[in-house]
Every structure is written in structure tokens, then in C-alpha cells.
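Participant: Predicted model and sequence below, questions to follow.
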Amino acid sequence: MAGTFAAVSCALALTSCAAWQQGPVSITSATVPGGTPPSGGAPILHSAPVPHGTASQSLDQIIVLEVKPAQTAITVSSNPVVAAKGSPVTIIATLTPIYPSGTVNFTDGGVPIPSCQGILVSKTAPYVADCRTSFSTIGTHPIVATYSGSYSTLPVTSAPYALVVVAFNTPRGYWEVAADGGIFSFGDAQFYGSMGGRPLNQPVVGMAVTPDSKGYWLVAADGGIFTFGDAGFYGSTGNHKLNQPIVGMAATADGKGYWLVASDGGIFTFGDAGFYGSMGDMRLNQPIVGMAPTADGRGYWLVAADGGVFAFGDAGFYGSMAGQPLKAPMVGIAVYPSGNGYWIDAADGGVFTFGAALFYGSMGGRPLDQPVVGMAPTPTGGGYWLDTSDGGIFAFGDAGFYGSMGGHFLNAPMVGMATTRTGFPSSYRWHKKR
């Protein structure tokens with residue numbers, strides 16, 4: 001192209017640009033879509049128009065680039081998913097698509113987070129704006145990110161992101177439960193009683209903990225319920241005929257109800273536990289071995305011995321091991337704190353992750369004295385414990401080890417474990433069954 005030309009980024013009419021002419025000038029218009037870089041990755045210069053009489057030489061051509069702002073989407077996440085009170089947490093806004101320009105402001109319940117204002121969007125993909133902060137109150141914090149927009153992208157506000165903040169020392173302990181109802185507590189887990197040494201019609205198969213960790217329930221294979229501490233009794237199937245034995249239980253978030261699950265997938269609800277469906281009338285390739293509820297108690301997952309996962313209510317399905325070759329049967333399921341993923345664990349210590357749940361290690365392929373019988377996640381989702389039938393405990397990720405019954409004499413094998421839900425100081429305790 002002969003002569004001198006200027007590239008001007010503007011949204012003015014060509015007649016306005018024509019007023020800048022010095023002699024015969026050719027004016028060309030080009031529309032540039034916003035939101036994505038131009039070919040070659042070079043940015044579109046946002047330069048001001050060259051007014052009449054200020055150019056160092058005459059212009060032969062003016063190219064007018066009219067940028068059409070693009071719509072973008074914004075989502076919020078955090079690392080870790082569940083934060084500890086007073087501990088650092090990174091809040092992340094991800095924009096798609098976006099050309100690297102503009103800023104993001106974060107709010108907590110509509111109140112600006114001081115350290116998270118005017119955060120620049122990263123210059124390379126993925127296009128994110130993140131900040132590091134901490135929270136002084138426990139509970140759910142609705143985090144919203146607002147993007148300012150730029151000459152090539154429109155402003156946008158995210159949906160609220162529920163960031164759960166827990167007490168710093170939650171949890172710092174766990175219980176192991178044996179088939180004879182014996183309870184063994186470690187770390188800050190308190191002992192509130194057991195069925196050890198007392199007659200049972202059927203063996204104990206699982207336990208659940210109250211919201212304040214000051215009590216627990218035990219459930220037997222016939223659906224009998226035994227309460228300890230501040231755990232309330234809301235009913236049982238102890239005097240009912242069951243098609244198949246009970247294999248586990250889960251408590252509601254407020255502790256005023258619980259679910260029981262049978263090996264045929266039948267679900268029994270008590271107290272404020274809602275019924276959202278079951279596998280009781282469905283054909284199963286392998287029996288159900290465990291269950292886990294959603295955080296709001298409006299759904300639950302069931303897992304079968306072949307790794308099949310069944311989701312009910314507001315529980316999301318993120319995959320399963322059904323149809324996959326397994327070295328050992330599955331024995332349980334644990335839910336990622338945000339509810340958008342889960343782990344399932346096998347008797348040989350293998351751990352399988354789905355959705356947002358991450359892998360932090362396993363006992364798969366390593367020698368075990370006795371099989372794994374259950375697992376429990378940490379509240380951050382950054383780790384988990386595995387429990388074996390001889391009382392051995394294996395900790396992975398940010399899960400702490402507070403002791404175990406491995407190597408001790410047991411009157412009956414372990415059948416599962418549960419973690420404390422609120423931390424309070426105490427010392428290690430080992431309670432022999434009476």
C-alpha cells in the first residue's frame with residue numbers, strides 16, 4: 001500500500017473521521033470482534049484519532065477499527081474448596097472468553113472484600129483474576145465476582161459461590177467402630193459409650209456423628225439403632241422384617257434424622273431425613289455397600305460393590321467404576337466437601353476419584369494385613385483416611401494421623417470410621433470394650 005496511513009480504534013462514524021482529512025485521503029472501515037485476540041496474537045491498539053493539523057505528515061489512508069464488545073462468562077472457585085477460619089484462601093474468578101484487559105472485584109454477601117478489589121485479569125490463558133484473603137467467621141460465605149469490562153468485552157457478574165469456612169481445628173480426630181459395637185476414639189474424638197460387651201441381635205455395621213461431635217449413632221445389620229451422647233433416637237427397623245440386611249447409615253446436617261441403607265439399595269428414613277428414591281425395587285449386579293448424603297440433606301449417593309454409583313435428589317452423578325475391571329470390591333463412598341465429586345474406595349485400599357475429588361494416594365498395590373472397610377474425607381477436601389478391619393488407619397493429603405487400633409487385640413473386626421465435625425481439645429483415648 002503506497003503512502004502513509006493510520007490505524008485508529010474508534011466507534012465513530014466515517015463522516016467524523018473524514019473531518020480530519022488533509023487533502024485527498026482514503027478512509028476504510030473494518031469491524032473487529034471483541035473478546036478474542038486478532039490473528040497473530042497482537043493486540044488491537046486502542047489509540048486516539050489523529051486530529052487535523054497535528055500529524056507530522058499528510059495521511060493517505062485512515063483505517064477505522066470499530067470494536068464490537070463481546071459477551072463473556074465468569075465463574076468463581078476457591079483453593080482450598082473449604083477454608084479454615086483465619087487461614088489463607090485463594091479466591092479465583094475465571095473469564096471465558098476474554099482478551100486480557102479489565103479488573104475484577106470480589107464481594108462477600110454484597111460487602112466488598114478489601115484485599116480483593118481491582119484485581120487485574122491475567123495476560124495469558126486461562127484468563128483469571130485471583131486474590132488471597134481469610135475469613136474470621138465460620139459458615140457459608142456467598143462470594144460474587146464482578147468484571148469491569150473493557151473496550152472489547154462487556155461487564156459481567158458471577159453467580160454466588162458458596163465458600164464454606166470451618167473452625168481451624170476441624171476435624172482433629174476420629175472414631176473406629178467394631179462389629180460388636182465397640183468404639184475407639186482418637187485425637188479430639190470423645191468417647192460417649194459403646195455396645196462393646198453387650199448382647200446384640202445382629203452385628204453393628206456403621207456409625208454416624210452428630211453435628212457438634214458430642215454424640216453418635218450405631219446401626220446394626222437388622223436396622224437397630226443405638227444412641228450415645230447427644231444423638232437422638234428417631235426410629236429404627238430393628239423390629240421389622242427386612243428383605244436384605246442394613247449396611248450403613250448417614251445423618252442429616254442438623255442431626256435430627258438419619259437414613260439407613262440396605263444391601264439391596266432400600267432406603268429407610270427417620271426424623272427429618274427425606275426420601276428421594278432408592279434401588280430397592282431395581283435389579284443390582286452387586287449389593288450396595290455404602291451411602292453418603294449431600295450437604296443440604298436433599299439427596300444422597302449409594303455405591304455398590306462393583307463400583308456402581310446411584311445418585312438421588314440433588315446428588316450429582318460424576319461417574320463410577322461399574323463395568324470396569326476391579327482387583328477388589330468397593331466398600332464405601334465419601335463426598336467432596338463442595339458436593340461436586342466423590343471418592344469410592346476398595347477393600348484392597350484402592351481409591352477412585354470422580355468430579356472435583358482429587359487423588360492423594362492409596363493403599364492399592366501395597367500389602368495389607370486386613371482389608372479396608374471404609375474411608376472419611378477431611379473438611380477441606382484435601383485428604384482422607386482409610387480404615388482397615390484390624391483397626392489400622394492410613395492418612396493421605398492433609399489428613400492427620402492421631403492413632404489407630406492396628407496391632408492391638410480386637411474382640412471383633414472394625415466395620416468403619418467417622419471423623420469429628422467440630423474440633424475441641426482433648427487427648428488420645430483408647431477405650432477397651434467392656
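Facilitator: Arrived safely.
Participant: For this protein, which residues score under the pLDDT cut-off?
Facilitator: Judged by pLDDT under 70, the chain has its weakly predicted residues at 1-67, 167-171, 422-434.
Participant: what's the domain layout of it?
Facilitator: With domains defined by automatic domain parsing, the chain comprises 5-68, 73-166, 173-419.
Participant: Pick the most buried one from the ones you listed.
Facilitator: domain 173-419 (a mean of 20; mean count of other Cβ atoms under 10 Å). Every C-beta, even on glycine, is put in place using the N, C-alpha and C of the backbone.
Participant: tell me how far that domain is from the chain's mean position?
Facilitator: Its chain's C-alpha centre and that of domain 173-419 lie 18 Å apart, by Cα atoms, centre = their mean, to the nearest Å.
Participant: What's the end-to-end length of that domain?
Facilitator: 6 Å (Cα to Cα, to the nearest Å).
Participant: Same question for stretch 84-98.
Facilitator: Start-to-end span of stretch 84-98 (Cα to Cα) is 32 Å.
Participant: What of stretch 275-285?
Facilitator: Stretch 275-285: ends 23 Å apart by Cα to Cα.
Participant: and residue 115, helix, strand or coil?
Facilitator: Taken by DSSP: H, G, I helix; E, B strand; the rest coil, the conformation at residue 115 corresponds to helix.
Participant: now the residue lying closest to it once chain neighbours are set aside, which residues is it bridged with?
Facilitator: Nearest non-adjacent residue to residue 115, counting by Cβ to Cβ, 6 or more residues apart in numbering: residue 133, 4.9 Å away. Counting by DSSP bridges, residue 133 is bridged to residue 89.
Participant: how about residue 133, what does it touch?
Facilitator: Contacts of residue 133 were listed using Cβ atoms under 8 Å, 6 or more residues apart in numbering, and they are 88, 89, 91, 113, 115, 116.
Participant: Equivalent analysis for residue 218, please.
Facilitator: So residue 218 contacts 177, 181, 183, 194, 195, 204, 206, 207, 225, 226, 228 (Cβ under 8 Å, 6+ apart).
Participant: Backbone dihedrals for it, please?
Facilitator: With angles defined as degrees, to the nearest 10, residue 218 sits at phi -120, psi 140.
Participant: Give me the nearest residue to it, chain neighbours excluded.
Facilitator: Nearest to residue 218 is residue 226, by Cβ to Cβ, 6+ apart, at 4.4 Å.
Participant: Which elements pack onto the helix or strand hosting that neighbour?
Facilitator: Using DSSP states H and E, residue 226 sits in strand 225-229. Judged by 3 or more Cβ pairs under 8 Å, 6 or more residues apart in numbering; DSSP states H and E, strand 225-229 is in contact with strand 215-220.
Participant: So what are the sheet partners of the strand it packs on and their directions?
Facilitator: strand 204-209 (antiparallel), strand 225-229 (antiparallel).
Participant: Indicate which one of these is closest to residue 278.
Facilitator: Closest of those to residue 278 is strand 204-209, at 17.1 Å (criterion: Cβ to Cβ).
Participant: what's the residue most central in space within the chain in contact with, if anything?
Facilitator: The centre of the chain sits closest to residue 338, judged by Cα atoms, centre = their mean, with a distance of 2.8 Å. Shown in contact with residue 338 (Cβ under 8 Å, 6+ apart): 81, 82, 162, 164, 356, 381.
Participant: For the stretch 251-400 of the chain, which segments count as helices?
Facilitator: Under the criterion DSSP state H, counting those that start in this stretch, the stretch 251-400 of the chain contains no helices.
Participant: Dump the contacts of residue 338 into TSV; add distance to residue 146 as well.
Facilitator: As requested, those are exported to TSV (distance: Cβ to Cβ, whole Å):
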residue	distance to residue 146
81	22
82	24
162	17
164	22
356	24
381	27
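Participant: Perfect, I'm done here.
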